[in-house]
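Student: I need the structure of the sequence given here:
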Amino acid sequence: MLRLDTARPRNYHWGVTMGSAHVFLAANAALDKLHAIPTAFWIKVGIVIAALIVLVILLRKLMNINKFVMGGVIFIGGGVFMINMLYNRTEPKFLTPIFDKIAPFFPSAGAYETKQATTPGK
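Tutor: Residues are numbered from 1 along each chain as shown. From the prediction side, this is the model:
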């Protein structure tokens, strides 16, 4: 195990001795590289980390809910999501063949205007 609480140089398996000056120089080089990364990237990384933390907290809270109720909520939410994609035809490309087969059985966003544009009785 590598001990970092001593001030003496660290010896590694390859016989390389790395003193505190070398660690300081390596840390400065790494910090220079980190400063070169744009701020927008760090903001996005922070948002992703915050989203993951919120997701873990929500999942821990959801584990206390009755599984039958949680399954029903997921089923209804997923169904509403799929029907919305089907209505607006915003599905991903890999689902398009499946949606093409089931789309005639459901209403679509442009169906009403198309039907109103036709002559009555035809």
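
Student: any idea how far residue 36 is from the residue positioned nearest the centre of the chain?
Tutor: The chain has residue 48 as the residue nearest its centroid, 7.5 Å off, counting by Cα atoms, centre = their mean. In this view, residue 48 and residue 36 are 20 Å apart by Cβ to Cβ, to the nearest Å. C-beta here means a position set from N, CA and C on the backbone, and glycine is covered the same way.

Student: and what of residue 44?
Tutor: According to Cβ to Cβ, residue 44 stands 16 Å off from residue 36.

Student: and residue 28, by the same measure?
Tutor: Distance, residue 28 to residue 36, using Cβ to Cβ: 13 Å.

Student: can you name the next helix or strand after the longest helix anywhere in the chain?
Tutor: Longest helix of the chain, by residue count under DSSP state H: helix 39-62. Next helix or strand after helix 39-62 toward the C-terminus (DSSP states H and E): helix 67-88.

Student: burial count for residue 32?
Tutor: 9 (other Cβ atoms under 10 Å).

Student: what helix or strand does it sit in?
Tutor: Using DSSP H and E, residue 32 maps to helix 20-36.

Student: go on, residue 102?
Tutor: Going by DSSP H and E, residue 102 is part of helix 96-102.

Student: list the buried residues of that helix.
Tutor: Neighbour counts over helix 96-102 (16 or more other Cβ atoms under 10 Å) mark residue 99 as buried.

Student: now it - C-alpha only, PDB.
Tutor: C-alpha atoms of helix 96-102 as PDB (Å, rounded to 0.1, in the frame of the first residue of the first chain):
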ATOM      1  CA  THR A  96     -39.900   3.500 -36.700                       C
ATOM      2  CA  PRO A  97     -40.700   0.000 -38.300                       C
ATOM      3  CA  ILE A  98     -42.800  -1.000 -35.300                       C
ATOM      4  CA  PHE A  99     -44.500   2.400 -35.100                       C
ATOM      5  CA  ASP A 100     -45.300   2.200 -38.800                       C
ATOM      6  CA  LYS A 101     -47.200  -1.000 -38.200                       C
ATOM      7  CA  ILE A 102     -49.300   0.200 -35.200                       C
END
